[in-house]
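Engineer: could you look at this predicted model? Sequence included:
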Amino acid sequence: MEFGENHARAIVVILLSEVVDFFNASNTMNDSQVAITTDLIIEEYPYFKIDDLKLAFRNAMKCRYGEIYNRLDGSVIMGWLNQYNRERCAKADVISYNEHKVRVQEESGLYYDDYRKQLKVLASHGDKSAQEALRRSDDILSFMKEKKLERLKKQLEEYDCKHKGV
């Protein structure tokens, strides 16, 4: 939609035409049905990106959403997009929940920060055990930060690998 509604319609029509050509069903869509289905898609899923539509249609071509039984119409296509959207939202929920868990874990570290502040005060007054505890704490935090960066880098690489072929 960033290029305008007419541009969005043209792209959706092209994508739908590819789907119609792919299935070669005897009961298929005419130009008027493609136009109506295009309008319904834009109306129902204005937040979809081109990649969302491509992925949904590719999944449909792989029969991931079931067989078409020699019938291809707007109802079948809207059903595919509905199923794709449910899967998309479920994945987004999982990602959001995981991000929430990380945030909650990070926020609970405030108590540890208070402990470190106390250690710093004691260490600055010459307390040897506080100095040693602070050094160990610094080592652990450094180690954890490295592991977190490695994990995030691995997740990013996995994400890139998954989405390069789409």
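Structural biologist: On my side now, so go ahead. Values in this document were obtained by computation on a predicted structure and should not be read as measured data.
Engineer: report the helix or strand with the lowest average pLDDT across this protein.
Structural biologist: The helix or strand of the chain with the lowest confidence, counting by mean pLDDT, DSSP states H and E, is helix 110-124 at a mean of 82.
Engineer: run through who's touching it.
Structural biologist: If you take Cβ atoms under 8 Å, 6 or more residues apart in numbering as the criterion, helix 110-124 is touched by 130-131, 133-134, 137. C-beta coordinates here come from the backbone N, C-alpha and C atoms, glycine included.
Engineer: could you report the pLDDT at the residue of the chain most remote from its centre?
Structural biologist: Distance from the C-alpha centroid of the chain, by Cα atoms, centre = their mean, peaks at residue 126 (50.9 Å). According to the predicted model, the pLDDT of residue 126 comes to 93.
Engineer: also residue 78?
Structural biologist: pLDDT for residue 78: 97.
Engineer: and the spatially closest residue to it that is not a sequence neighbour, how far from residue 25?
Structural biologist: Closest residue to residue 78 apart from its sequence neighbours, by Cβ to Cβ, 6 or more residues apart in numbering: residue 40 at 6.2 Å. Relative to residue 25, residue 40 is positioned 19 Å away (Cβ to Cβ, to the nearest Å).
Engineer: ok, residue 33 next?
Structural biologist: From residue 33 to residue 25 the distance is 12 Å (Cβ to Cβ).
Engineer: ditto for residue 9
Structural biologist: Distance, residue 9 to residue 25, using Cβ to Cβ: 23 Å.
Engineer: same check, this time on residue 116
Structural biologist: From residue 116 over to residue 25 the distance is 67 Å, taken as Cβ to Cβ.
Engineer: now do residue 13
Structural biologist: Residue 13 sits 18 Å away from residue 25, going by Cβ to Cβ.
Engineer: how far away from the center of its chain is stretch 56-65?
Structural biologist: With Cα atoms, centre = their mean, to the nearest Å as the basis, stretch 56-65 stands 18 Å off its chain's centre.
Engineer: could you check the pLDDT of the spatially most central residue of the chain?
Structural biologist: In the chain, the C-alpha closest to the average C-alpha coordinate belongs to residue 92, at a distance of 5.4 Å (Cα atoms, centre = their mean). Note on residue 92: pLDDT of 92.
Engineer: got the angle for the helix of greatest length in the chain vs helix 110-124?
Structural biologist: For the chain, the longest helix by residue count, based on DSSP state H, is helix 128-164. Per axes from the mean of the first three to the mean of the last three Cα atoms, to 10 degrees, the angle that helix 128-164 makes with helix 110-124 is 140 degrees.
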